[in-house]
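Chemist: Build the 3D model from these lines:
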Amino acid sequence: MFFDEARNRAIGALWLSALLIITLLPGSAEDRARGSIAWLCLVCGSRGTADAILNVFLFVPLGALGAAWGWSVRRLLALALALSAGVEALQTLLPGRHPTLGDVWWNVAGALVGAYAHRAIVHRLEARPAEVTDRSLVLAGVVSLLIVASGVLTWPHRPAGERYWAQWTPTLGSFRRYDGTVLAATLNERPFPRSWFPSGRDARSELSGDWRVRASITAGRDLDDIAPILTVYDARQREVLLLGVIGADLVMRELLLARMAGLDQPDVRLTDAFAGVPPGDTVEVGITRRRNDVCLTGPAGERCRLGTSLGRTWGLLLYPEGIGEPVRRALDAAWLFVLLFPVGFFATTVERVLRCGTLIAGSALITVLGTGLTLGSLPTALVGLLGLIAGFATVERLTHRDGRVSPGPP
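Modeler: Numbers count the residues shown, from 1 in each chain. So this is what the prediction gives:
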């Protein structure tokens, strides 16, 4: 690889340290509430798909480093298997951890992906121009499909054939209890229930299409975790809708197709909605959904176009609610940069870079128009574009440094 031996060893030590920290810390309260999971499963739990993908990513660095050190595939897979199995064995001693055979399988798969990724990178940097295969359009197609899939996955889902029940400031195992008070609440101008929806009301229809929730509350204290104000669950205890508070932010969560597919899901926030509002003040809060648009109403008024942005689709894999908005925005930009960097890296000409950028931008625009996904901020989109350019510029710099001539038009 283009890193020297000392750098590879340093990267390996950092990766191993990060692996042990990530995998050998006790689970969160939410993890402990998940209960037991069958250890023989391959895609496990309500977030099984997301966990599988993250377990693949976790061992990609090991595969790339092993290939850089010249290990055979057999040796690499044996080490990945032993290391992953050892971690899973130690997790049996930790509260809130759920070791499974699936984690081992996906870790080993990640090491294999890393080895082949290293081979492709080395070929791109060291092959003669006539031997370079342009993979950029394929990668751009993959990124475009990911964007479209993300848009579909952020569409709300309302389980059919289920009774729905609603609560005001409930006490739920995985949440803090909000110490404010709901004075009155409505759903589509009808009373918001405090138990099972009455038999004469079709809750699924009321929460499908365009709908509106309004509540008059006395404000509570700022809390570090989500505190529900109003909730709707189905008979299987799946969270269909939540309006709550975290810190000074007003938060809305609804059941998305992503959750049904075993992924995580980002929430929708009106940031600093309760900034400067003392506990005990009476304020109006609410949600309005109009087709693809989500609006949240807080003490200072209403703000719309608050759906999941292109950059925030990283939250489909892992979305910690407690991080601040500046950190989330930084992750949005970093996610788009990482997605587009390989496309530019494997592009052999500027013309291919432009074609790939056009394809990705077109798919993003179509997805935004047809789903609840939003474009997000301009600076975040520009960072994604910078990732595309940076990938191409990285190859140009490294190949020129090594005395290679950049390949011409195909």
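Chemist: Please give the element, helix or strand, for the closest residue to residue 172 other than its chain neighbours.
Modeler: Distances taken as CB to CB, 6 or more residues apart in numbering place residue 228 nearest to residue 172, at 6.6 Å, with adjacent residues excluded. For glycine as for every other residue, the C-beta is placed from the backbone atoms N, C-alpha and C. Per DSSP states H and E: residue 228 is located in strand 227-234.
Chemist: other SSEs contacting that strand?
Modeler: Applying 3 or more CB pairs under 8 Å, 6 or more residues apart in numbering; DSSP states H and E, we find strand 227-234 packed against strand 164-168, strand 181-187, strand 211-218, strand 239-246.
Chemist: Can you verify residue 287 is assigned to a helix?
Modeler: No: assessed with DSSP: H, G, I helix; E, B strand; the rest coil, residue 287 is strand; it does not lie in a helix.
Chemist: Can you check the pLDDT for it?
Modeler: Each residue has a pLDDT score; the one for residue 287 is 97.
Chemist: The residue lying closest to it once chain neighbours are set aside and residue 252: what is the separation?
Modeler: Excluding its sequence neighbours, the residue lying closest to residue 287 (CB to CB, 6+ apart) is residue 213, at 4.6 Å. Distance of residue 213 to residue 252, computed by CB to CB, to the nearest Å: 9 Å.
Chemist: go on, residue 60?
Modeler: Distance from residue 60 to residue 252, by CB to CB: 34 Å.
Chemist: Okay, the residue nearest to residue 287 and residue 188: tell me how far apart.
Modeler: 8 Å.
Chemist: re earlier: pull the CA atoms of the strand holding residue 228 into PDB?
Modeler: The C-alpha trace of strand 227-234 is given here as PDB (Å, rounded to 0.1, in the frame of the first residue of the first chain):
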ATOM      1  CA  ALA A 227     -38.400  12.500  27.300                       C
ATOM      2  CA  PRO A 228     -41.700  11.800  25.600                       C
ATOM      3  CA  ILE A 229     -44.600  14.200  25.700                       C
ATOM      4  CA  LEU A 230     -47.000  12.300  23.500                       C
ATOM      5  CA  THR A 231     -46.600   8.700  22.100                       C
ATOM      6  CA  VAL A 232     -48.500   6.300  20.000                       C
ATOM      7  CA  TYR A 233     -47.600   2.500  20.000                       C
ATOM      8  CA  ASP A 234     -49.200  -0.500  18.400                       C
END
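Chemist: now that strand, how far from the centre of its chain.
Modeler: 22 Å (CA atoms, centre = their mean, to the nearest Å).
Chemist: So what touches that strand?
Modeler: Here strand 227-234 makes contact (CB atoms under 8 Å, 6 or more residues apart in numbering) with 159, 162-170, 172, 175-180, 182, 185, 192, 203, 207, 213, 215, 217, 220, 239-246, 285.
Chemist: Among those, name the buried ones.
Modeler: Listed as buried from the contacts of strand 227-234 are 164-170, 172, 175-176, 178, 180, 182, 185, 192, 203, 207, 213, 215, 217, 220, 239-246, 285; burial here means 16 or more other CB atoms under 10 Å.
Chemist: Walk me through which strands the strand holding residue 228 pairs with, and which way each runs.
Modeler: Applying DSSP bridges, strand 227-234 is found paired with strand 164-168 (antiparallel), strand 239-246 (antiparallel).
Chemist: can you redo those as a markdown table with distance to residue 395 and mean pLDDT?
Modeler: Formatted as a markdown table, these follow (distance: least, CB to CB, whole Å; pLDDT from 0 to 100):
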| stretch | distance to residue 395 | mean pLDDT |
| --- | --- | --- |
| strand 164-168 | 54 | 96 |
| strand 239-246 | 43 | 96 |
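Chemist: which phi and psi does the residue nearest to residue 25 when sequence neighbours are not counted have?
Modeler: Spatial nearest neighbour of residue 25, chain neighbours left out: residue 94 (7.6 Å); criterion: CB to CB, 6+ apart. Note on residue 94: backbone dihedrals following degrees, to the nearest 10 are phi -110, psi 130.
Chemist: And the pLDDT at residue 94?
Modeler: Note for residue 94: predicted pLDDT of 81.
Chemist: still on that earlier bit, with residue 16 as the reference, name the closest of the helices and strands packed on strand 227-234.
Modeler: strand 239-246 (33.9 Å; CB to CB).
Chemist: So which residues make contact with that closest one?
Modeler: 158-159, 164, 175, 178, 180, 207, 213, 215, 220, 222-234, 250-255, 269, 274, 285-287, 321-322.
Chemist: Specify the angle between the very next helix or strand once past that strand and strand 211-218 in degrees.
Modeler: Where DSSP H and E defines the elements, the next helix or strand beyond strand 239-246 is strand 249-254. Angle, strand 249-254 to strand 211-218, by axes from the mean of the first three to the mean of the last three CA atoms, to 10 degrees: 140 degrees.
Chemist: looking at the protein, which helix or strand does the model trust least?
Modeler: In the chain, no helix or strand scores lower on mean pLDDT, DSSP states H and E than helix 29-33, which sits at a mean of 53.
Chemist: what about the helix or strand just after that one, average pLDDT?
Modeler: Using DSSP H and E, the helix or strand that follows helix 29-33 towards the C-terminus is helix 48-68. For helix 48-68, mean pLDDT rounds to 95.
Chemist: ok, back up a step: the strands paired with strand 227-234 into JSON lines, with extra columns for distance to residue 310?
Modeler: JSON lines is the format used below for those (distance: least, CB to CB, whole Å):
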{"stretch": "strand 164-168", "distance to residue 310": "31"}
{"stretch": "strand 239-246", "distance to residue 310": "23"}
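Chemist: Of all these, which one is nearest residue 109?
Modeler: strand 239-246 (30.8 Å).
Chemist: how much distance is there from the closest one to the middle of the chain?
Modeler: 18 Å.
Chemist: same deal with stretch 267-285?
Modeler: Counting by CA atoms, centre = their mean, stretch 267-285 comes out at 26 Å from the chain centroid.
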